[in-house]
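Asks: the following comprises the amino acid sequence and a computationally predicted model.
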Amino acid sequence: MTQAPVNVTVTGAAGQIGYALLFRIASGQLLGQDTPVRLRLLEIPQAVKAAEGTALELEDCAFPLLVGTDIFDDPKQAFEGTNIALLVGARPRTKGMERGDLLEANGGIFKPQGEAINAGAADDVRVLVVGNPANTNALIARSHAPDVPAERFTAMTRLDHNRAITQLAKKLEVPVTDVKRMTIWGNHSATQYPDVFNAEVKGRGAAEAVNDEKWLAEEFIPRVAKRGAEIIEARGASSAASAANAAIDHIFDWVNGTPQDDWVSMGVPSDGSYGVPEGLISSFPVTCTGGRYEIVQGLQINEFSRPRIDASVQELADERDAVRKLGLV
Ligand SMILES: NC(=O)C1=CN([C@@H]2O[C@H](COP(=O)(O)OP(=O)(O)OC[C@H]3O[C@@H](n4cnc5c(N)ncnc54)[C@H](O)[C@@H]3O)[C@@H](O)[C@H]2O)C=CC1
Ligand SMILES: O=C([O-])CC(=O)C(=O)O
């Protein structure tokens, strides 16, 4: 161990993603094998006992990098001194709930969490929102943390990114490691746009390698965008281990950097790049160095891609307008 422990707060710690995530964080996969971690788990009061059970199991692993685990039901305490905040717990849509109801219910979670991050998190705090609707929940949290630099609030589209890499690799019958520069644009929802026109396979343009626009439009894009529903249908529960894996990938790359010849997808506050209105938390291709990310500039957006990106960005703007009306941003 070469450093002081990093405080990692995980909300929704007793949920299914939490269970798949915590052991990987504690084993060093989130930040690297040199970095000790202290876990701070946030749950609603009814689920604190279950989180305590998970903490007992964490103890039983005797992870060398895990300094300790604390459990809270109060966001103010849970985010005190936090360096990495993984906002996983959210209100799922239940029967009869309209989209507005869902946004309002999540506002009740992400507004106080944003305020708590603003009040008590460490100066270098980095936030990843996983709980859906992830982009707009991140927007809500960010708008209640005015003292934290806006770019520290991100939303997870890395699962979509990883799904797109695998579907493309399967189509071309190549290992996933041959696929580089995949991009997810827009919202983590069925409108997202996985872009292979800027992706490469063994140094060659991926769209050219596929050479099948019908497959892209009718199979690849819907398969990736609706993969969450496919998993729910097959498993009877939503993606958990793959979502936890993507959260690990997102933070690891943000902190440790992306490879020279590649980039990743992250939902980040737009700076106006590619015509995405400033401030919307939209997925972009990004490179990471020195603990910071930058949106990749100068990519060609062709006629196939433009309307698809615009549609997903429009959905983000509509969600922003809806939470604005509710007074949540
Ligand atoms: N961005 C992405 O790619 C993905 C996002 N998700 C989303 O992640 C979220 C979590 O998924 P699961 O773990 O499967 O759900 P889950 O229902 O198993 O667990 C959610 C946990 O959050 C807790 N929780 C609720 N309100 C809370 C609050 N105010 N503070 C702290 N904890 C709270 C619940 O008690 C529960 O233990 C869902 O919103 C899901 O839709 C899931 C897969 C991929
Ligand atoms: O719909 C969900 O809860 C799961 C989800 O986001 C995904 O698997 O992409």
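Replies: Arrived safely, thanks for sending. Ligands and ions are numbered 1, 2, ... in the order given.
Asks: list, one by one, the residues from the stretch 101-250 of the chain near ligand 1.
Replies: Within the stretch 101-250 of the chain, the positions near ligand 1 by C-beta under 6 Å from any ligand atom are I109, V130, G131, N132, A134, M156, L159, H188, S238, S239, A240, A243. Just so you know, the C-beta spots here come from the backbone N, C-alpha and C atoms, and that holds for glycine as well.
Asks: buried residues, the longest strand seen in the chain. List them.
Replies: Counting by DSSP state E, the longest strand found in the chain is strand 281-289. For strand 281-289, burial by neighbour count (16 or more other C-beta atoms under 10 Å) applies to I281, S282, S283, F284, P285, V286, T287, C288.
Asks: quick check: mean pLDDT of that strand?
Replies: For strand 281-289, mean pLDDT is 99.
Asks: ok, residues contacting the helix or strand just after that strand?
Replies: Counting by DSSP states H and E, the next helix or strand C-terminal to strand 281-289 is strand 292-295. Under the criterion C-beta atoms under 8 Å, 6 or more residues apart in numbering, residues E151, T154, W254, M266, V268, D271, S273, F284, P285, V286, T287, C288 lie in contact with strand 292-295.
Asks: got the residue ranges for the helices in the stretch 101-250 of the chain?
Replies: With DSSP state H, counting those that start in this stretch as the criterion, the stretch 101-250 of the chain has helices at 134-143, 158-172, 206-210, 213-215, 221-225, 227-235, 241-256.
Asks: now the shortest one: how far from the chain's centre is it?
Replies: The chain centroid and the centroid of helix 213-215 are separated by 28 Å under C-alpha atoms, centre = their mean, to the nearest Å.
Asks: same question, the last one
Replies: Taking C-alpha atoms, centre = their mean, the mean C-alpha location of helix 241-256 is offset from the chain mean by 8 Å.
Asks: packing partners for the helix or strand just after that helix?
Replies: Later in the chain than helix 241-256, the nearest helix or strand by DSSP H and E is strand 264-269. Applying 3 or more C-beta pairs under 8 Å, 6 or more residues apart in numbering; DSSP states H and E, we find strand 264-269 packed against helix 134-143, strand 153-155, helix 158-172, helix 241-256, strand 281-289, strand 292-295.
Asks: what comes up buried for the last one?
Replies: Buried residues in strand 292-295, counted by 16+ other C-beta under 10 Å: Y293, E294, I295.
Asks: please apply the same query to stretch 18-28.
Replies: Those buried within stretch 18-28 under the rule 16+ other C-beta under 10 Å are G18, Y19, A20, L21, L22, F23, I25, A26, S27, G28.
Asks: quick one: the last one from W254, how far?
Replies: Same thing as G28. 16 Å (C-beta to C-beta, to the nearest Å).
Asks: next one: the fifth one
Replies: L22 sits 19 Å away from W254, taking C-beta to C-beta as the criterion.
Asks: check the first one too.
Replies: Spatial separation of G18 from W254 under the definition C-beta to C-beta is 20 Å.
Asks: which residue does this protein bring closest to ligand 2?
Replies: Proximity of the chain to ligand 2 (C-beta to the nearest ligand atom) peaks at G228, 2.7 Å away.
Asks: my read is that that residue contacts A237, right?
Replies: No: in this structure G228 lies outside contact range of A237 using C-beta atoms under 8 Å: 11.1 Å.
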